[in-house]
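1. my questions are about this predicted structure, shown below with the sequence.
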Amino acid sequence: MNRATVEQFKQQCKTFDEDATSDDALQLGHIVEEELPATYQVPFETMNASPSLLEKVHARHYRGLWHELVQHLTDLGYLTEHQFITYHKLRKNTPDEPRLLVPVLQATVQYLGEENWPVLAQMFKGKLSDIQLPHLEEHLGHVVERIARYTSFDGSLPPPDDYQVGDVNCYGRSLAFRVRTLFTLDKALQHIYIFERSHLKFLYSFQNLIGLKFLPKTTKPEEIVLPEECWTMLCNIDGLFTRFKDARPKDISVNNIVLSYALNAKENMQSDAEESDEQADDEKRFLKGRERRRGRKMTKASKALENTGYHEMAIRILQVKLWQTHFYIGAVDGKWGDKSHEAVEGLIEQETEVRPKKNNGKLKRKDRLAIARAFFQSPADATGDATIVIGFNAMYELLQQYHAAAHGIKQSNVSEEDEMVKQLVELQKKVVTPVENHTDSRRDRRRNNRQNNNEENSKDHDYSELDDRILNSDDFKELYPDLIEKPQRRVAFARKSFLSGIKRGFSRIVNWIKKGLKKLLGPVFGFFKLITGKIRAGIQQFFRGFRYLGHFLLGRPIVTYAKPSTDSDTLDILATKFSLDFDGINLISSTAAPADIKRHVNHIHDMKDSMFYFIDTTLKIIKMISKLTQPGGWVLLGWQIARMIAGELVDVLTSA
Amino acid sequence: MSFLNDLFTLDVITITGEFKVKIDDRDETRKNKKLNVVDFDGMFKEIKGKTTSKADLRILAATRVEVDRDTTNFVASDLKDEEIPLVKMHFEAVSAAAEGRSAILARLRPGGRKGDETGATT
């Protein structure tokens, strides 16, 4: 049934694209409005202007986008920390009381006012100050996609064309955020959200630390223009990593850039009693030979950089990378605490798991060395304290296998997006195929393969388990940090470039879908957020567009309900319907209040204003879907819609 | 594109009456979505679904736009002050219909995406 619905949808798009008739439009409308929402729980909304600002029943689909928007607005200083905490205290109430989102709306309007975004004029007609919550919700996915660039470290923010230090705009805020996050230790900057000329001294310190000279030697700050190289260092964490390790003190080798800290090994072992014996045995064997000698060297080397600015910046760079790869959900503050330790432990566990094993189930020597270079734990002393030593370079290289920033800012992501589709298809196959048992005999494996091949035809297209697990999972609730108590903590919102992380964590993702897992930080968390975030934003855009198309093409009525009164159990209705030839009927209750009439007028007006934008978008998507050949479920199709909206379609609209 | 062949004239009509819906019947869940769809086609013969009417339907305004954009407007002669916003709403609907018609025609025409997006004038 699931497959049939998606296939039917694609077939109907094809028919509609080739020869649009009223019957084709009506059938497509039936699938989009009735079958897909019911089968896949996707958010399709009717065009009813309810007295409440936002529609409660659909709020669930957008909450992730609201959370992400709030995080970006706070990091850029459009929302205060107090507002951020208040939002998280009250966020569960927003479906019932959307007015709680008004501060977020105001902050977003301020942000949009500072934006230089060609598509903006098509999305929001009239004055920005007139934008209301429903308008913002309509374009929430797009707005979040856009603002995310200013706080990302993946190289997706292009250098500005005409930014001058001191300008109050998105770039000025983004610069302040990056300075606060990446390198300044100055507490006076903690609550500075616009980068001003007086802050240039921090950039001079920064360039000295990484051994570059991108800022001119001038005493006139007003003449300084930040060159592209400066923006690249600040926006692309991988570029900064490369430069940073090359700028190390002369007498320190790359492998001796290390971070070390004490850990109470006894406590740690007791908390994980089941594994402790096995771990102790492994440790004894592990620490023999070359790895042990390397560990001693690293411990000794760690003294050289302790308490230097270089050392703290190394911690921040690592924290950003751990955060970007979804292993870390703490604050990027240069302090190496429990969350940072748990993050590297998670990474090492994942790396140990994913690397190929010898016949005895142990790692190959080169893999053991790669891990030992990144993470070394000395045996506990008499008091139970062990020393952890992290090799900065080796650890970062492990992390780059999960997320590598774009090589060039203008590089196309098409091939990566195509590869993502392949991964989803592969994932679906794994989900419906029994887990491989490595202890099976060759004969058993042959038998299993035969069985799997026979079942492939019937199961290949059944995406229901994959769809259900990804679209309806509550497994990740506990991973989100307590932002009321710890408002500096952050979750990375994957927007792109996490494909390598998904590939590396593929077996974990399969295991999570098939049987659930306890340890979800890292690739599983990143995969879940990438898929759900992107799909929800993309689908939102498509269904909004189809709704507009439907009202003009399918003759759906536009209905406004009057505000309810306490002494009546009925509501006045105001409705407008356009038929296929655009003849229109307005059906207005004679007892409707002037305020309700005004709302209905606004309702028609909004729809008309947004119509061209959405109809262009939707027709383009329908044409694209009609050309798809890959079968699949809603997650797969949703991904493809999302990529169209985030990529090619935006280009089409901006160049129009 | 058979339905596009009918696009010769554009008629918009605004009708008032006492149209109400029970609060419990509003569209709060997707499952009940169909309950609140107003049955425009059957409204003049009988009232269906959850919509109720106490009759006294009154045509407040009507507009016809010919293919050459000649336009005829009808507005009830005994307009009350509180009905003036409804007339304004009527012309908003005329404008939306004209723009919608032009836009869809332009976009569904083979190879056409941008076309005549101007609406009719009254």
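-> Perfect, I can see it now.
2. domains of chain B?
-> Following automatic domain parsing, one finds the domains of chain B at B:1-16+B:60-122, B:18-56.
3. how about the strands in chain B?
-> In order along the chain, chain B carries the following strands (DSSP state E): B:10-17, B:19-22, B:52-53, B:58-65, B:71-75.
4. so which of those strands comes closest to A:Ser507?
-> The minimum distance between A:Ser507 and the strands of chain B falls on strand B:19-22, with 53.6 Å, by C-beta to C-beta. Heads up, the C-betas are built off the backbone N, CA and C, glycines and all.
5. residue ranges with poor pLDDT in chain B?
-> Along chain B, segments meeting pLDDT under 70 span B:1-8, B:22-55, B:107-122.
6. what about 90?
-> B:1-11, B:16-59, B:64-72, B:76-89, B:92-122 (pLDDT under 90).
7. what's the neighbour count on A:Thr218?
-> 10 (other C-beta atoms under 10 Å in any protein chain shown).
8. contact partners for the nearest residue to it once chain neighbours are set aside?
-> Leaving aside its chain neighbours, A:Thr218 sits nearest to A:Ile224 (6.5 Å; criterion: C-beta to C-beta, 6 or more residues apart in numbering or on different chains). Counting by C-beta atoms under 8 Å, 6 or more residues apart in numbering or on different chains, A:Ile224 touches A:165, A:197, A:200, A:215-216, A:218.
9. need the max-distance pair from the residues you listed.
-> Farthest pair in the contacts of A:Ile224, by C-beta to C-beta: A:Arg197 and A:Pro216, 13.7 Å.
10. what's the average pLDDT for the longest helix seen in chain A?
-> Counting residues, the longest helix found in chain A (DSSP state H) is helix A:594-626. Taken as a whole, helix A:594-626 has an average pLDDT of 78.
11. and the next helix or strand past it?
-> Heading C-terminal from helix A:594-626, the first helix or strand you meet, by DSSP states H and E, is helix A:634-644.
12. any residue of that following helix touching chain B?
-> No: using C-beta under 8 Å from any C-beta of the partner chain, helix A:634-644 never reaches chain B; the gap is at least 15.5 Å.
13. just the angle between that helix and helix A:594-626, please?
-> Put simply, helix A:634-644 runs at 100 degrees to helix A:594-626, going by axes from the mean of the first three to the mean of the last three C-alpha atoms, to 10 degrees.
14. thought A:Leu424 was touching A:Lys503, still the case?
-> No: assessed by C-beta atoms under 8 Å, A:Lys503 is found out of contact with A:Leu424, at 11.8 Å.
15. more neighbours: which of the two?
-> Taking neighbours as other C-beta under 10 Å, A:Lys503 and A:Leu424 compare with A:Leu424 leading, 25 against 18.
16. what about the more buried one, distance to A:Met624?
-> According to C-beta to C-beta, to the nearest Å, A:Leu424 stands 17 Å off from A:Met624.
17. now the strands for the stretch 451-600 of chain A?
-> Assigned strands in the stretch 451-600 of chain A, in chain order: A:557-561, A:570-578, A:584-589 (criterion: DSSP state E, counting those that start in this stretch).
18. Serialize those strands to TSV and add fields for distance to chain B.
-> Below are these laid out as TSV (distance: least, C-beta to the nearest C-beta, whole Å):
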stretch	distance to chain B
strand A:557-561	5
strand A:570-578	4
strand A:584-589	4
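19. let me have these in JSON lines, extended by mean pLDDT and mean neighbour count.
-> Shown next, in JSON lines, are these (pLDDT from 0 to 100; neighbours: other C-beta atoms under 10 Å in any protein chain shown):
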{"stretch": "strand A:557-561", "mean pLDDT": "81", "mean neighbour count": "24"}
{"stretch": "strand A:570-578", "mean pLDDT": "83", "mean neighbour count": "24"}
{"stretch": "strand A:584-589", "mean pLDDT": "88", "mean neighbour count": "24"}
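20. dump these into CSV; add distance to A:Thr532 as well.
-> As requested, those are exported to CSV (distance: least, C-beta to C-beta, whole Å):
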stretch, distance to A:Thr532
strand A:557-561, 30
strand A:570-578, 35
strand A:584-589, 39
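21. wait, doesn't A:Arg599 sit right on A:Thr560?
-> Yes: at 5.5 Å, A:Arg599 and A:Thr560 qualify as touching, with contact defined as C-beta under 8 Å.
22. show me what contacts A:Phe183?
-> Residues counted as contacts of A:Phe183 (C-beta under 8 Å, 6+ apart) are A:202, A:205-206, A:209, A:309, A:313, A:316.
23. what pLDDT does A:Ser590 get?
-> Here, the pLDDT recorded for A:Ser590 equals 83.
24. residues contacting it?
-> Going by C-beta under 8 Å, 6+ apart, A:Ser590 touches B:16-18, B:56, B:58.
25. what bridges to the closest residue to it other than its chain neighbours?
-> Take A:Ser590 and drop its neighbours on the chain: the residue closest to it by C-beta to C-beta, 6+ apart is B:Thr16, 4.3 Å away. Going by DSSP bridges, B:Thr16 is paired in beta bridges with A:Ile588, B:Arg58.
26. show me the contacts for B:Thr16.
-> Residues in contact with B:Thr16 (C-beta under 8 Å, 6+ apart) are A:588-590, B:57-58, B:60, B:83, B:86.
27. which helix or strand contains the closest residue to chain B within the stretch 201-350 of chain A?
-> As assessed by C-beta to the nearest C-beta, chain B sits closest to A:His326 within the stretch 201-350 of chain A, at 32.2 Å. Under the criterion DSSP H and E, no helix or strand holds A:His326.
28. alright, that wraps it up for me.
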